[in-house]
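Asks: return a 3D structure for these sequence lines:
(chains A, B, C and D)
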There are 4 protein chains.
Amino acid sequence: MLTVDARGVFPIAPTPFEPDGRLDWTSLDRLIDHYVAAGADGCTILGIMGEAPKLEADESLALVERCIKRAPKLPFIVGVSAPGFAAMRALARASMEAGAAGVMIAPPSQLRTDDQIVSYYAQAVEAIGADIPFVIQDYPLTLSVVMTPGVIARIINDNPSCVMLKPEDWPGLEKISALRRLKTEGKLRRVSILTGNGGLFLDFEMERGADGAMTGYAFPEMLIDVVRLSREGRRDDAHDLFDAHLPLLRYEQQQGVGLAVRKYVMKRRGVLAHDAQRKPGNALSAAAKTEIEYLLARLARQDARARLPGVL
Amino acid sequence: MLTVDARGVFPIAPTPFEPDGRLDWTSLDRLIDHYVAAGADGCTILGIMGEAPKLEADESLALVERCIKRAPKLPFIVGVSAPGFAAMRALARASMEAGAAGVMIAPPSQLRTDDQIVSYYAQAVEAIGADIPFVIQDYPLTLSVVMTPGVIARIINDNPSCVMLKPEDWPGLEKISALRRLKTEGKLRRVSILTGNGGLFLDFEMERGADGAMTGYAFPEMLIDVVRLSREGRRDDAHDLFDAHLPLLRYEQQQGVGLAVRKYVMKRRGVLAHDAQRKPGNALSAAAKTEIEYLLARLARQDARARLPGVL
Amino acid sequence: MLTVDARGVFPIAPTPFEPDGRLDWTSLDRLIDHYVAAGADGCTILGIMGEAPKLEADESLALVERCIKRAPKLPFIVGVSAPGFAAMRALARASMEAGAAGVMIAPPSQLRTDDQIVSYYAQAVEAIGADIPFVIQDYPLTLSVVMTPGVIARIINDNPSCVMLKPEDWPGLEKISALRRLKTEGKLRRVSILTGNGGLFLDFEMERGADGAMTGYAFPEMLIDVVRLSREGRRDDAHDLFDAHLPLLRYEQQQGVGLAVRKYVMKRRGVLAHDAQRKPGNALSAAAKTEIEYLLARLARQDARARLPGVL
Amino acid sequence: MLTVDARGVFPIAPTPFEPDGRLDWTSLDRLIDHYVAAGADGCTILGIMGEAPKLEADESLALVERCIKRAPKLPFIVGVSAPGFAAMRALARASMEAGAAGVMIAPPSQLRTDDQIVSYYAQAVEAIGADIPFVIQDYPLTLSVVMTPGVIARIINDNPSCVMLKPEDWPGLEKISALRRLKTEGKLRRVSILTGNGGLFLDFEMERGADGAMTGYAFPEMLIDVVRLSREGRRDDAHDLFDAHLPLLRYEQQQGVGLAVRKYVMKRRGVLAHDAQRKPGNALSAAAKTEIEYLLARLARQDARARLPGVL
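Replies: Numbering: from 1, shown residues only, chains lettered A, B, ... in the order given. Here you go, the predicted model:
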């Protein structure tokens, strides 16, 4: 079960598909194995990047079960955001029965006021049950819902089953500091903070008080090493490694296109058999593929030259 | 099967619930009977007003089947809007197998450009199959998607299985005229136009070329009579009847609260056993109930006095 | 100076233009005279409906001065909403020097959280000066900013120069009740509440605790009489008069088109010489004009028949 | 006068203020001198980053005049976006009379459909006059208006006075390619494309067909050198220089905070006397300042070590 002490890196897993749109179970197994081998501390499936809304209900559950069966010791967080609480509850409870560690809930885009957001999470907890540990996803850029540190604190304090925050506000560094300050001041209990936003500010997020990362960059090894180096106090080493990856990481950070880039790189690395998305999906242009190849070549060259402190 | 020649009134059905949140099948039967007795030409279920996202997938299908079994001759349109095409396809195909006449599809709120909207409907048709007649729901106020007449025409002309438009843009009178003009000019094939928007402009929508109404006003009899009177050319009679109901109809038109008002009136009329909504729902305040009672009393008095041309 | 005790009707004035786009000063004089003769308690100029952003800064001020000179005893509220505080301050201070009674401030559409909204009003007061009485405009449908009763109460309690609220949330009846309840409970000082929203719920808004109306319906006489009848406790008479106007009032309530309808009716009534809008504006179609004429004819007939309790 | 052949870098100038909010004319002169010395090909003032809405109308014009007087040979583009066409016209015409090279127009956030966007630019051109060269600003992330390549092409082809596009869609690489393809296919005349978006993709934007950059990164020298290196075909050198700056450039790219970062760095570099913003502004936290200093130190170290191909 997920707790407030979770730390490290929980990669956001893409969902592998065959070119014809069927789930690619073999690649899924290899992907999970890859995360385990890289030293991931957990894994998040059926997130926004996981093409979750394209799956039928029984496919979603089958995917959850397959992942857990493949890596029974890895804590899995299941994205259960849904337009209604019936579907959210069904997937949340079934996932926990299958052995998931917790669930992640994003607010629906029509929420506006502080009270609406707080109420929504109260209703969600009532729907799924207060016994399921859950993660707040704070992602205004995509979800159009803006949560202040005060609102996040209210949700955390109101709901004991809230154990983690995934902040991906933009900008977000001050928000992490504000939340950690609230904790220091005794106004907020501790929760785990694993940051998203494609990792674009991971170097400084760690220094602001994050416990790690939850994002889908195609080299999870880098995320894991940056988090480790940062926690060991090796600031320059952490930044050196991060900066070496920044050109590619930034390229992946393009809204909409990002998933195609990640699947392409993961295919290039031999993790996924295909870079297909289930329809409707984004395809990479020839120019984009050339750009990615150029970025990969530069990254390899830099690794060879600089003996980066982490595994490339 | 729904065709481009559909006319008249397809009430949007609320979904009846027991106070504890279970589906109230008895009230559902009575509701469908009420529509048939009132002379409805069809019925739309699982629309935005039908609390559809609160139902689990098997509940939705059970509701579709129950309705069709209760009134096998009534054409049912099933709302299948969903955040992903997998769920949309599943409900659409199962509903048609159960005997539905067609489905209704609303665009997701993130669509912005003309091309995005046109592509979305192309993808939806590919997902559900081109053999299922479908209705475009054009409801910017709630969905945040703005479709010009030109975009609607592109969707209609691109997809032969599009048989109906439910316009509820606001304002919308000129849009109906523009679409009918495109048809007159030979640039657009005929589709059925049944208007929504709570019926707030039904009096003039009929005169602009609508074929009828698809909305959930708690006195579907009025909608049916206004449509009939308007088609018979009895303009003043149509407006007299409409205007008598306008104070209540306007009251029902309050976003969010409207469903609670409708269920309350339908309970008062003996159609529903309860006015409950499945959580999370809106409850009426005591003040609101008093206001509705006042409006109902005024409506009854006016009916007694003026011998309204339609059935109250 | 505007105070928390303001009551009655403050019509929102349209800005009269010549067909070539110049300000029509003669019609403006006649319009102000018309409001005075009808018994208006004040007048709001340069509101959203007043085409304010189409005016240059010196035109805006000239309009303010002309109005005040024409009716020196009528309290004028000046809309000073602007994308920046420099322009807001300039117009606010110049208007007050010219003799205005107060200003109205709408929140910019990018505000989301409770704190952002509260901060914005604090900054606005700092910009214009705490000596200028101001009105909060709460209009989510157009402005996309949602203020809870709690947020409105914070703004009122934080800023002594806030003397009035113009609620035009939709729905809004419960919000008025909530604010009046906060006052009764001693959590909120009294401010004047004059409702907008085109008057669509004026009948019940008065019963929920509003002090009057601030909206631009083309028959301000009706608004004035409904407010008076309601305050005299003549409930049925107030509703009878309101309901007689509701079909036209509802027609005016169409977003975007509404101003064209109002100018057309005011021209028909001899108040404005032209129904022109400064570019870019909305023109009425021939069909729309016919519909308005039909509504006006029905209204006149009903007035003749029913001896409506107020002046038509 | 700005033409379709404009190339290179037009820095977006911040507006320098004294700590008490007055315009800091001395720093403004030094800033313009800095751009000229760095080899800028032009300069854009009163952009979104320039705190333009905080200036009164006469301040804006005074700023335009001061800049032009300081660097009479540098082409200045003036941001004239405004909530109404009266203000837009006034600033545009006065700026051109003062010697500006052209103006930049961003679409207002309420625009949704393709036709609305195209109409808006037609109205804007009618308002300011077809003799003023103008730039389209395509910035969905901040403006909420999404323009397809087709819409941009319509605006360009409809309005001969459109000479430049500032694309800052995100992602935007494919959009630049699509527009250049339309030109190759003869469907679109040439316009200059200077990219924004903080420069986050400048390395590849140049390779996709951009003519340069229009953004406010605090080291305009880097932008100028990357554009030059890219045009000389020195791909690796361009990327080496770009990548060295990417950690800081990315840090500046934080919405809202970005301007504070830029002013801080420009103060550190001796260009601005103060990093003050006119109220309401964003202040940097102590933590943020430490982070910027760390990034600057790393940048200096890398420059010393690697002999970057451009001027640091």
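Asks: please count neighbours and contacts with C-alpha atoms only from this point.
Replies: Noted.
Asks: just checking, A:Leu179 touches A:Val151?
Replies: No. Under the criterion of CA atoms under 8 Å, A:Leu179 makes no contact with A:Val151, lying 10.4 Å away.
Asks: those two: which has the busier surroundings?
Replies: The neighbour comparison of A:Leu179 against A:Val151 (other CA atoms under 10 Å in any protein chain shown) goes to A:Leu179, with 24 against 18.
Asks: how near is A:Ala52 to chain D?
Replies: From A:Ala52 over to chain D the distance is 22 Å, taken as CA to the nearest CA, to the nearest Å.
Asks: same thing with A:Arg30?
Replies: Distance from A:Arg30 to chain D, by CA to the nearest CA: 30 Å.
Asks: surely that residue meets A:Gly270?
Replies: No. Contact criterion CA under 8 Å: A:Arg30 and A:Gly270 do not qualify, at 9.0 Å.
Asks: residue in the stretch 151-300 of chain A with the shortest distance to chain C?
Replies: Among all residues of the stretch 151-300 of chain A, A:Val151 sits closest to chain C, at 9.2 Å; criterion: CA to the nearest CA.
Asks: what strand or helix carries that residue?
Replies: Using DSSP states H and E, A:Val151 maps to helix A:149-158.
Asks: near chain D, which residues of chain A are found?
Replies: Contact residues, chain A versus chain D (CA under 8 Å from any CA of the partner chain): A:170-171, A:174, A:200-201, A:204, A:243, A:246-247, A:250-251, A:254-257, A:285, A:291.
Asks: do that again at 6 Å, thanks
Replies: Residues of chain A lying close to chain D by CA under 6 Å from any CA of the partner chain are A:Pro171, A:Gln254.
Asks: check which residues of the helix ranked longest in chain A are buried.
Replies: Identified as the longest helix of chain A according to DSSP state H is helix A:286-306. By 16 or more other CA atoms under 10 Å in any protein chain shown, the buried positions in helix A:286-306 come out as A:Ala288, A:Glu291, A:Ile292, A:Glu293, A:Leu295, A:Leu296, A:Arg298, A:Leu299, A:Asp303.
Asks: what mean pLDDT does that helix get?
Replies: Helix A:286-306 shows a mean pLDDT of 92.
Asks: give the buried residues for stretch A:65-80.
Replies: Result for stretch A:65-80 [16+ other CA under 10 Å]: buried residues A:Glu65, A:Arg66, A:Cys67, A:Ile68, A:Ala71, A:Leu74, A:Pro75, A:Phe76, A:Ile77, A:Val78, A:Gly79, A:Val80.
Asks: what is the nearest of these to A:Ser161?
Replies: Proximity of the buried residues of stretch A:65-80 to A:Ser161 (CA to CA) peaks at A:Ile77, which lies at 13.8 Å.
Asks: make sure that closest one is indeed in a helix.
Replies: No. Assigned with DSSP: H, G, I helix; E, B strand; the rest coil, A:Ile77 falls outside any helix and is strand.
Asks: look up the pLDDT of it for me, please.
Replies: With respect to pLDDT, A:Ile77 has a value of 98.
Asks: for it, which residues are in contact?
Replies: Residues near A:Ile77 by CA atoms under 6 Å, 6 or more residues apart in numbering or on different chains: A:Thr44, A:Ala101, A:Gly102, A:Val103.
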